[in-house]
Each structure stands twice: as C-alpha cells, then as structure tokens.
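Trainee: Below: sequence and its predicted model.
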Amino acid sequence: MKTILLSTGEAKTMNFEEVKEQFEPMLFKHMKVANGKFVFNQVEEEDFMQELQIELWRAYEQYDSATGNCFTTYLHYKLQKGVRNATFSRYSLKNRNNGLVSMNASRGDDDLKLEDMFASDENTSDNITLKELTAIIRRNVSEAEEDALISLLNKDEFSVNDYAAKHNITRQAANQRIVKLRNKLRSIIAQEYLEIV
C-alpha cells in the first residue's frame with residue numbers, strides 16, 4: 001500500500017490493483033493517441049497495453065508522495081517511455097532508408113518481394129487505389145507546386161538543391177516549400193481518401 005497524491009489534491013492509500021483501475025483510462029488515452037499516428041501499421045493493442053502497464057507498475061514502485069508531486073505527473077513521463085518502447089520498431093523501420101523500401105528487395109526469410117504482392121492486372125484494387133490517390137494529388141497540386149511535387153516524389157532525379165537552383169531560392173526556402181506541399185497533401189488525402197474508404 002502506498003500513499004498516492006491525486007490531481008484533486010486528495011491523498012489516498014492505494015495498492016497497485018486500485019492504482020491500475022484508477023489510471024487505466026490514462027493508459028488507454030496514451031495508447032490511442034500514439035497508435036493513431038500509424039495508419040496501416042498500428043501496434044497490437046494488447047502488446048501496447050502490456051508495455052504501458054509495466055511502466056504503470058514502475059511508476060507505482062518508484063513514486064514517493066513525500067516529493068509533493070501528484071501521481072499523474074510522475075506517471076505521464078513513465079507512459080511516454082512506454083509509448084516510445086511500444087512504437088520504436090515502427091519508427092525505426094520507417095526511418096531506415098528514409099522510409100523507402102525497394103519493391104524488388106527480399107523481405108524476411110522466405111525471399112518474398114514487395115513486387116510479388118502487386119498483381120499486374122490493370123483492374124486490381126491496388127491499381128484503382130493508386131489511380132484514386134493520383135487523381136486526388138493531381139487535383140490539388142497547382143502548376144506552381146509541380147516542381148515541388150517532383151522533388152517530393154523523386155529526390156534522386158530532382159533534389160531539393162535542384163529545385164532551389166531552378167527557382168533561384170535558398171535550399172532552406174526550397175525545403176520549406178516541399179515540406180509545406182507534403183503536409184498539405186497528407187491533410188487532403190486524409191480528408192478525401194482515408195475517410196471515404
């Protein structure tokens with residue numbers, strides 16, 4: 001049993017099960033917010049909650065009410081660590097090779113390639129999806145933004161430096177334009193495509 005200072009100012013003597021029951025909604029909120037950042041590759045909720053419950057246990061074990069800090073303040077930082085632990089693999093895979101994976105690179109132990117997963121038939125749902133996304137992008141990219149789109153999609157052929165040189169601006173200004181376009185397109189795709197699917 002430990003004395004737990006609640007955000008209401010009340011001091012309560014609680015065992016771990018009581019703490020778990022009281023603060024479980026906070027764990028769910030952290031999990032939902034973090035998992036919401038992954039459109040297709042969310043962390044399994046059971047695994048995620050297990051990671052957060054470990055951090056809840058650590059917070060309970062290490063918390064000392066004599067510091068005068070309420071438990072939720074202490075728990076918040078522990079849960080951030082739990083979120084980082086649970087989502088690390090998603091970010092590390094995404095950040096490797098700048099988030100790009102070759103379609104003809106082998107994946108896993110069975111030599112499966114991404115290109116093997118795409119059918120060549122023109123009428124497949126993958127082709128329809130690609131056409132829909134391309135149409136949305138084309139509709140929402142102005143003539144002035146076309147070079148930024150080319151640089152965004154194919155940095156090897158038309159780099160940020162190439163864009164800056166063509167438009168006679170600094171590399172930083174060029175990068176800002178490209179990032180602005182990327183954020184605009186993310187928002188539009190989320191609204192026009194992801195919500196209607």
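Mentor: Structure's in. What do you need?

Trainee: quick one: the strands in the chain?
Mentor: Using DSSP state E, the strands of the chain run over 2-5, 11-14, 106-107, 112-113.

Trainee: And the residue nearest the centre of the chain, how far from residue 186?
Mentor: The residue lying closest to the centre of the chain (C-alpha atoms, centre = their mean) is residue 37, at 3.5 Å. Per C-beta to C-beta, to the nearest Å, residue 37 is found 12 Å from residue 186. (Each C-beta comes from the backbone N, C-alpha and C, glycine too.)

Trainee: Give the intersection of the neighbour lists for those two.
Mentor: Contact criterion C-beta atoms under 8 Å, 6 or more residues apart in numbering; no residue bridges residue 37 and residue 186 by contacting each.

Trainee: Quick check: which ranges of the protein have low pLDDT?
Mentor: Applying pLDDT under 70 to the chain picks out residues 38-41, 89-129, 193-197.

Trainee: same thing but 80
Mentor: Residue ranges of the chain with pLDDT under 80: 35-42, 87-136, 153-157, 189-197.

Trainee: got a list of what the residue nearest to the centre of the chain touches?
Mentor: Counted by C-beta under 8 Å, 6+ apart, residue 37 has contacts residue 87.

Trainee: Tell me how far it lies from residue 30.
Mentor: From residue 37 to residue 30 the distance is 12 Å (C-beta to C-beta).

Trainee: mind listing the helices for the protein?
Mentor: Counting by DSSP state H, one finds helices in the chain at the ranges 16-35, 45-62, 71-95, 114-117, 125-140, 146-153, 160-167, 171-189.

Trainee: Walk me through the domains of this protein.
Mentor: Using automatic domain parsing, the domains assigned to the chain come out as 2-98, 119-194.

Trainee: quick one: the last one to chain centroid distance?
Mentor: Taking the mean C-alpha point of domain 119-194 and that of its whole chain, the gap between them comes to 20 Å (C-alpha atoms, centre = their mean, to the nearest Å).

Trainee: do the first one as well
Mentor: Taking the mean C-alpha point of domain 2-98 and that of its whole chain, the gap between them comes to 17 Å (C-alpha atoms, centre = their mean).
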